[in-house]
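# here is the input, now give the coordinates:
(chains A, B, C and D)
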2 protein chains.
Amino acid sequence: MTTAKRKRVPRVERERQMIEVAERVFTERGYGAASMDEIAELVGVSKPMLYEYFHSKEGLLLACIRQSRAALREATEQATVGAVSPEDALRRGLLAFFVFIRERREAWSLLRHEMALIGTPAADEIEQTRRQQTDLIVAVMSEYFDDELRAEASAEFVVGACERLAIWCERFPDVTPEMATDYAMDMLWSGLSRRAADMRVNLHAH
Amino acid sequence: MTTAKRKRVPRVERERQMIEVAERVFTERGYGAASMDEIAELVGVSKPMLYEYFHSKEGLLLACIRQSRAALREATEQATVGAVSPEDALRRGLLAFFVFIRERREAWSLLRHEMALIGTPAADEIEQTRRQQTDLIVAVMSEYFDDELRAEASAEFVVGACERLAIWCERFPDVTPEMATDYAMDMLWSGLSRRAADMRVNLHAH
DNA sequence: AAGTCCATCCTACTTTGAGTAGGTTACCGG
DNA sequence: CCGGTAACCTACTCAAAGTAGGATGGACTT
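Numbering: from 1, shown residues only, chains lettered A, B, ... in the order given. All right, here's what the predicted structure looks like:
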C-alpha cells in the first residue's frame, strides 16, 4: 500500500478480491457490525465499486454465501463418488461435512450467517442455495423412502441435525470429525430403539 | 390514537406493550429492516423510552426472543408430564413443538431470527437461552446414553433436526403437526437400518 | 504516434436509522 | 397544595448504507 500506484484490475479479479476480503470481515465482525467502508478500504478500492459489483450489502453477503455453499457442496459430493451403498454414501458425506467445517472455518462461519437475511428480498435466493445442498441428501434418502414427501422431510431432518451438531462441535475442539460422524451416523442408522433394547438387556443382566 | 390524551402507564405494562409490538414488527420486517422509530410510534411512545427499557435494538430483540423461548419451553415441558416412558416423553415433546410452531407463528418466526445476533455481544445470552431448551432433550437422551458427551451431542442433533423440519413444514401447510411428529419420531426411533431391512425384504419378495 | 472510447475507478454527497443529552409533566404521598 | 420521582418528550449527534456525476488508465484503431 502506502503510496503504491494503484493499478487497474479486470472485473473478475477484483470480484475475487472483494469476496475474499468480505468473507473475512463478515466472519470477524458479523454481518451487522461489518461496514462497507471498511471492506472497501481493505480491498484498496472505493465504496461505489462494491456497489457496482454487488448492488448492496446483502448482495455482497449473498455472493460470499453462494461461494461457500458451492465449496461445501463440492466437498460433500466428491466424497460420495466411490460409495458402495447408500449407507456408505451417507457416512462419507457426513465425514466430508464435518471435516469441511473444521478446515474451512471462515466459509462455515459465513453459512451460519445466512439466517441474518431472513425476511429480506434475498431470502428466496438463500433458500435456493440451501436447496441445492439438501438435494444431495434427498437423493440418498430416496433409496430408503418410497414416499417422496417423507424423503424430503428426512433430508431436511438430516441437514438440520448435522448443522446443529457442527455448531455444537465448535465448543468442543476435542471432538474430531470422525467422532461427530459417528454420533450422527449412529443416530441416523440405528436410532434410539436399539439403545433402548440394550438398556433392557443391561437391566436383566444385573 | 389521533389526538387522544396519552395516559402514563406503569413500567411493566409498557414493557409488555413494547415487546408485543416489537415481536410483530421484527417478524414482519425482519430484524435488520425493522426500525426503532417505527416500533416506538406503533407503541405510541417516543424512541428514548425503548432505549430506557431495553438499552439497544439488540436488547429489544433479545427480550422478545427470551419470551418466545420461555413459551416454547413451557409448552414442551408441560407436554411431557404424563409420559410413561422416555420414548413417550420424546414423542409428546415433539408433538408439542410442532403444534407450537403452527399455533404461535410470531413466536416461532422470532426464534428463527436469533441467528441474526451471531457475532454480537448478545451471542452468549442467546446461547444460554437456547441451552435452556436443549437441556430438556438432554434429560430425555440421558436415558439412552451412558456417555454424557454423546447424550449432549444427540440432544443438539434432535433440536437441530426438528428446527429444520419445522422450517420445511412451513412450505407445506398440508403437513400436520402429527405427520411431522411421525416423520421425526420414525427417524429418531427406528433409524434408517430398519428401512434398509424392509427394502431387502421387498427385493426378495419379487 | 496520436486520438478515441469505455471499463474502471474516484470524490463528495444524501439519507436513514441507531443511540443520547437534557429538559418537561403527570401522578402519588404527604 | 406541594415536593419528588417515574414516566415521558423534543431535538439533537453520528455512523454507515447507498448514489450522482465526473475523472483516467490503457487497449485498440488509424
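# only C-alpha atoms for contact and neighbour calcs from this point on.
Noted.
# buried residues, the longest helix along chain A. List them.
Secondary structure assigned by DSSP state H gives helix A:177-205 as the longest helix of chain A. Neighbour counts using 16 or more other C-alpha atoms under 10 Å in any protein chain shown place A:177, A:180-193, A:195-196, A:199 of helix A:177-205 among the buried residues.
# out of those residues, which touch chain B?
Of the entries in the buried residues of helix A:177-205, the ones placed beside chain B under the rule of C-alpha under 8 Å from any C-alpha of the partner chain are A:183-184, A:187-193, A:195-196, A:199.
# shaky segments in chain A?
Under the criterion pLDDT under 70, the flagged ranges of chain A are A:1-6, A:200-206.
# write out the residues of it neighbouring DNA strand C.
With C-alpha under 7 Å from any atom of the strand as the criterion, chain A meets DNA strand C at residues A:6-11, A:14, A:44-49.
# rewinding a little: most widely separated two among the ones next to chain B among the buried residues of helix A:177-205?
Distance extremes for these: the farthest pair is A:184 and A:199 at 20.0 Å, using C-alpha to C-alpha.
# stretch A:41-60 near DNA strand D anywhere?
Yes - with C-alpha under 7 Å from any atom of the strand as the measure, stretch A:41-60 is seen reaching DNA strand D through A:47-48, A:51, A:55-58.
# relative to residue A:28, which of the residues you listed is nearest.
Here the nearest of these to residue A:28, counting by C-alpha to C-alpha, is residue A:57; it sits at 15.8 Å.
# just the helices in chain A please.
With DSSP H applied, chain A shows helices at A:11-29, A:36-43, A:47-54, A:57-79, A:86-103, A:105-112, A:123-141, A:148-169, A:177-205, listed in chain order.
# need the residues of chain A near DNA strand D, please.
Counting by C-alpha under 7 Å from any atom of the strand, the positions of chain A adjacent to DNA strand D are A:7-8, A:32-37, A:47-48, A:51, A:55-58.
# which residues of chain A lie near chain B?
By C-alpha under 8 Å from any C-alpha, the residues of chain A that approach chain B are A:28-30, A:33, A:112-113, A:115-116, A:118-120, A:144-145, A:150, A:153-154, A:156-165, A:168, A:183-184, A:187-193, A:195-196, A:199.
# could you rerun that using 7 Å?
A:29-30, A:113, A:115-116, A:118-120, A:144, A:150, A:153, A:156-158, A:160-165, A:183, A:187-193, A:195-196 (C-alpha under 7 Å from any C-alpha of the partner chain).
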